Every structure is written in C-alpha cells, then in structure tokens.
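Student: sequence? don't have it. structure:
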C-alpha cells in the first residue's frame, strides 16, 4: 500500500474529529457505569485508573515524539526514509522492555500502592489494569511510527476503536458481575480489565496499518546508537508529561487544606464571597468539598475543552518541523514554526476569551441541575478562561521547542509554572474572600509562565517586532471582538427570552464575527499557508492575497 502522508492542517483536522468522537464515547461510558456500580465501585475504579493514567500519559506523549524526532534525524543523515520494519524493530527494542518492567512492577506493588492511597480494596483493580501498561507502550510505539511519516489516520482510527471497546467491554463486564452478585471491588476490577482489552484492541488496530517493502532497509547508524537516540529523545518528553501531572497533585494536596484554613479564619467571608450560591445553607464541614467539587467538576471540565482544540497541532507539528530542521532548511523551519504558532493562537485566544466572558451562561446550559455549583464556578471560570487560552497555546509551543532542538526547555518551564501554582494556591486559597478562586489564579499563573516564556524562547532571534505583531495582533484583537459580539448578542436575546439556550446563538454570532474579521485580516502569508496545507514533497499553488488585506495599512506583514 502506498504511503499516505497528510498535510499539517489535514492531520490536525483528522485528530480533532477523532478526539471529539472519543470524548462522546467516554461520556456514554462513564455516566452509565457510575449508575451501575455506584460510589463505592467508582471509588475503586478511579483509584486504579488514577494510578494507570500518568503512565499512559507518559507513553502517549513521549514515545511517538521520540520516534518522530529520531526518524527525522535519520532521514536527514542518510537522505532516505527508513522502512517501517527497520524503524519498528529498533523502537520495540528501545521501549518495550520498559513497558514489560513497569507492568510487572505495577502487578507486584498493587497491594502496597492500594494501601498507600488509603484504599486497600482497589488492589484487584490495579492488578487488572497492570497489563495495559505494556500494551499502551505497544500502541504508542506503533502510533509514533505512523506519525513520523506524517500519517495520523492510524492513530485516529485506533483511538476510536480503543474507546469503543472500552465502552462495550467495560459495561458488559460490569453488568455480568452485577448479575452474579460480585462485590464492588471485583466489579471494578472487571471494568478495569475491560480497559486493558481496549488498549489491546487499539494496539491491534494500529498494527493492521503496518506494511513493508517501502523505504531503505539499511540503518545509517549502528542499531545500538539508534536505540540510544530513541531513548534520549523520549526522556525530556516523558519528564515533561510527568511534571505536567504535578498540577493535579498540587491541587489535591493544597486546595482542601487551604479551604479548611480559610473557613476556620472567617466562614462569613467565605460565604459572602459567593453571594448567589447560597452557601449559608451548606454545613460548614461540607463547604470545602462543595467548593472543590464545583471547581473540578464544573469549571475545570469547561477549561479542558480549549486545550483539546489545539492538541492535534502538537502531534502533527512535531514530525514536520523536526524534519525541516534536521534537513538544515532554516528558512522553511522558521515559516513552519510561525504557521503552527499562529494556528494555535487563532484557535486558543478567541475560545479562552469567550469562555471567560460567557462562563455563567455556558455553565448554566451544561449544568442546569446544579445552580449552586454554577454560581461558584462562574466566578472561577473568569480567570480560568484566560488560563485555558494560555494552556492551549503552551501545548503546541512545547512541541515546537522539542522540534527545534530545545527538548529540556518545556521541562524547566513546567517546573517553574507548577512552582508558581503551588505558591499561589498556598497564599490565595487561604484568604477567606478569595478561597477556591485562588486555585484558578494559580492555574492562570502556571500557564502564563508556560505560554509566555515558551513563546519567548521559541521566537528569540527568529523574528522581528513587526513579524511578532503580525502573529499576535489578529488572534488577540479578533478574540476580543468575538467575545464582545457574543456578549452583546446574549444581552439582546435575554431581553426577549430567558431560555438558557440563548448562549448557543450568541456563541454562533461571535464565531461569525470572528471569521469575518479573519477574512479581512488574512493572518497567514502564502508560504505559511503552504506549510499548513501542502502534503510533504508537494508544492501548492496559493491564491493571491485578498485586496481587503490589512497589509497595505502596515498591520500585517506577508512573506
């Protein structure tokens, strides 16, 4: 079968569609599962899944990135593309032994881990998900193999298959255990075994796309050197993925404790800080959990929607920019970096600013049955919306830093960002008038460090002031215009009807205004559009620039 490589734009679109499908399938899985196995069963399930998730995240982030970078370097060194069997063999030898070791360790340490987290009943569930550690290494290796060739279709299809098998196997095994009267810990273990089956199905699906006979079968370097380069490329990405999980751990370690301290100082100030939530009706002992739940279950759920929009750029940009850089094509590398950064900003800024401006109506639409929680989360979402825009920018920037040969810069930035978050959490949440909103400001501080410093490192010495203005002016001004239009439209519609659905046409109006603004500004130059839309090895004839372009006013510079 002939290799089919996608352009960066096409690859990002494919991954975005698959991500939406996976999110929808995940909702269909989690809601009925909670109803079936109840709070106790979900406690065992989430404990084991929380142990597995960081390992899975490290594999998914680190291995494909390492394979893409190393393949680009070998291609530049030899002038030829390695055949899939050769690259697969070296990747398996580099990563699969670690997957086996981690899976065995998780099985052996399951009793100690379950006691360490204070949930001994989760031991069977941890053992059930342990084989998935090795299987996710297999799946990540296969997906990285295809992504190094700029072919993300196997990744997208295998992710959808994995989610579908998780839905079917997990719910079927749960219902089977319930019919047989199994205790909650055994039922949770059965559901986690369904997760293991789903990862195996995803790996098998990806393997079906393998082929042979294309590319060069000879390595341009000794096998031991290639495996060393693969591991060396994986280390910084895996470290960055591990450090990224520190933000969640910081919230777990600080929020509840600091909220308890704030309530001890002045419970009246805490209640008064959320006047529309009716917190006085909630017992003081339950207030910290209520506030934390409003933050995590409502505000953070909306927050994570924005970075998900730019996540496909992280996957598709890395092999493209790495290949250009390793080939010594400095000018094309600069153009590609600028194009990817513009794409991320054009999506992230209007989405984040819009969420910050329309937090309350969005939450009221999504969580209509939880008005008290919405009243708390609406204030939290104002800083979190800006943080979401920064987080959606930081993801592609970190991938670009990896691609341009600065693999440890994201690790250092993540450490600095999480340190800022920890300091903000400790100081702000303990203030009675700030309380849970301090966690949102801490998240904002964290991603401000990541995005701003990351962009500064990425662009330093590569562009001038005028080029930087052309990168940041369209998304920022367009995002503000989009939010203002949506807000004005919502105000008008609420004068006609009190329906919660008013926010939907308001958002649509903001999007239309934003698209019209982009049509006038035309933020991409022809070479940047070619970098985004052209398939590898093919030139694309671009249309002429619009006569409405703001270039003639000196606001946007084209290459």
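Tutor: Arrived safely. Fair warning: this is a prediction, and the values are worked out from it, not measured in the lab. Numbering: from 1, shown residues only.
Student: Distance from the chain centre to the helix of greatest length in the chain, please.
Tutor: Determined from DSSP state H, the single longest helix within the chain is helix 8-78. On the basis of C-alpha atoms, centre = their mean, to the nearest Å, helix 8-78 sits 9 Å off its chain's mean C-alpha point.
Student: same check, this time on stretch 489-502
Tutor: On the basis of C-alpha atoms, centre = their mean, the separation between the geometric centre of stretch 489-502 and that of its chain is 32 Å.
Student: End to end on it, go ahead and measure it.
Tutor: Length of stretch 489-502, first residue to last, C-alpha to C-alpha, to the nearest Å: 9 Å.
Student: And the contacts of that stretch?
Tutor: By C-beta atoms under 8 Å, 6 or more residues apart in numbering, the residues outside stretch 489-502 that reach it are 358, 361, 364, 365, 368, 503, 505, 506, 509, 510. No exception for glycine: its C-beta is placed from N, CA and C like everyone else's.
Student: Give me the buried entries from the residues you listed.
Tutor: With neighbours counted by 16 or more other C-beta atoms under 10 Å, those contain buried members at 358, 361, 364, 365, 503, 506, 509, 510.
Student: how close does the fourth one get to residue 289?
Tutor: Between residue 365 and residue 289 the computed distance is 25 Å (C-beta to C-beta, to the nearest Å).
Student: Please apply the same query to the third one.
Tutor: Going from residue 364 to residue 289 by C-beta to C-beta gives 22 Å.
Student: quick one on the thing from earlier: which two from the buried ones among the contacts of stretch 489-502 end up farthest apart in space?
Tutor: When those are compared pair by pair using C-beta to C-beta, the two farthest from each other are 364 and 509, 18.1 Å apart.
Student: Now residue 406: phi and psi?
Tutor: Geometry field for residue 406 lists phi and psi as phi -120, psi 60, criterion degrees, to the nearest 10.
Student: who's in contact with the closest residue to residue 21 other than its chain neighbours?
Tutor: In space, residue 21 comes closest to residue 160 once its chain neighbours are excluded; the distance is 5.2 Å by C-beta to C-beta, 6 or more residues apart in numbering. Taking C-beta under 8 Å, 6+ apart as the contact definition, residue 160 lies against 18, 21, 22, 25.
Student: which one of those sits closest to residue 246?
Tutor: Of all the contacts of residue 160, residue 22 has the smallest distance to residue 246: 24.8 Å, by C-beta to C-beta.
Student: Can you give me the neighbour number for that closest one?
Tutor: Applying the criterion other C-beta atoms under 10 Å, we find 18 residues in the vicinity of residue 22.
Student: Same check on residue 238?
Tutor: Using other C-beta under 10 Å, residue 238 is surrounded by 21 other residues.
Student: before we move on, back to that, among the contacts of stretch 489-502, which one lies nearest to residue 270?
Tutor: Looking at these and their distance to residue 270, the nearest is residue 364, at 22.9 Å (C-beta to C-beta).
Student: which ones are touching the closest one?
Tutor: Neighbours of residue 364 in contact, by C-beta under 8 Å, 6+ apart: 371, 374, 500, 503.
Student: what do you get if the cut-off is 10 Å, keeping everything else the same?
Tutor: Shown here is residue 364, whose contacts under the criterion C-beta atoms under 10 Å, 6 or more residues apart in numbering are 370, 371, 374, 375, 378, 500, 502, 503.
Student: Hmm, residue 360 and the last one touching each other?
Tutor: Yes. In terms of C-beta atoms under 10 Å, residue 503 counts as a neighbour of residue 360; the distance is 9.1 Å.
Student: Walk me through the domains of the protein.
Tutor: As given by automatic domain parsing, the domain ranges for the chain are 8-244, 251-477.
Student: out of those domains, nearest to residue 516?
Tutor: Among the domains of the chain, if distance is taken as C-beta to C-beta, the winner is domain 251-477, at 12.5 Å.
Student: From the chain's centroid, how far away is that closest one?
Tutor: Here the centre of domain 251-477 is set off from its chain's centre by 11 Å, with C-alpha atoms, centre = their mean.
Student: And the helices in the stretch 101-250 of the chain?
Tutor: 110-116, 123-129, 131-147, 153-179, 184-207, 223-244, 246-265 (DSSP state H, counting those that start in this stretch).
Student: So which elements touch the last one?
Tutor: Read that as helix 246-265. Counting contacts by 3 or more C-beta pairs under 10 Å, 6 or more residues apart in numbering; DSSP states H and E, helix 246-265 packs against helix 8-78, helix 267-272, helix 287-293, helix 409-428, helix 437-448.
Student: For residue 110, which of those is the nearest?
Tutor: Closest to residue 110 of the helices and strands packed on helix 246-265, according to C-beta to C-beta: helix 8-78, at 8.6 Å.
Student: quick one, the closest one and helix 153-179 angle?
Tutor: With axes from the mean of the first three to the mean of the last three C-alpha atoms, to 10 degrees as the criterion, the two stretches helix 8-78 and helix 153-179 enclose an angle of 110 degrees.
Student: Where does the prediction get shaky in the stretch 351-500 of the chain?
Tutor: Counting by pLDDT under 70, the ranges of the stretch 351-500 of the chain that qualify are 461-465.
Student: what about the helices in it?
Tutor: Taking DSSP H, counting those that start in this stretch as the test, the helices found in the stretch 351-500 of the chain are 359-366, 371-403, 409-428, 437-448, 454-459, 465-494.
Student: looking at these, which is closest to residue 136?
Tutor: Taking C-beta to C-beta as the criterion, residue 136 comes closest to helix 371-403 out of the helices of the stretch 351-500 of the chain, the separation being 20.0 Å.
Student: Going by neighbour count, list what's buried in the closest one.
Tutor: Using 16+ other C-beta under 10 Å as the burial criterion, the residues of helix 371-403 that qualify are 372-403.
Student: Just the angle for it relative to helix 465-494, thanks.
Tutor: The directions of helix 371-403 and helix 465-494 differ by 160 degrees, with the same axes, to 10 degrees as the criterion.
Student: tilt between helix 371-403 and helix 409-428?
Tutor: For helix 371-403 against helix 409-428, the angle between stretch directions is 150 degrees (the same axes, to 10 degrees).
Student: now helix 371-403 against helix 223-244, angle please.
Tutor: Inter-element angle recorded for helix 371-403 and helix 223-244: 150 degrees (by the same axes, to 10 degrees).
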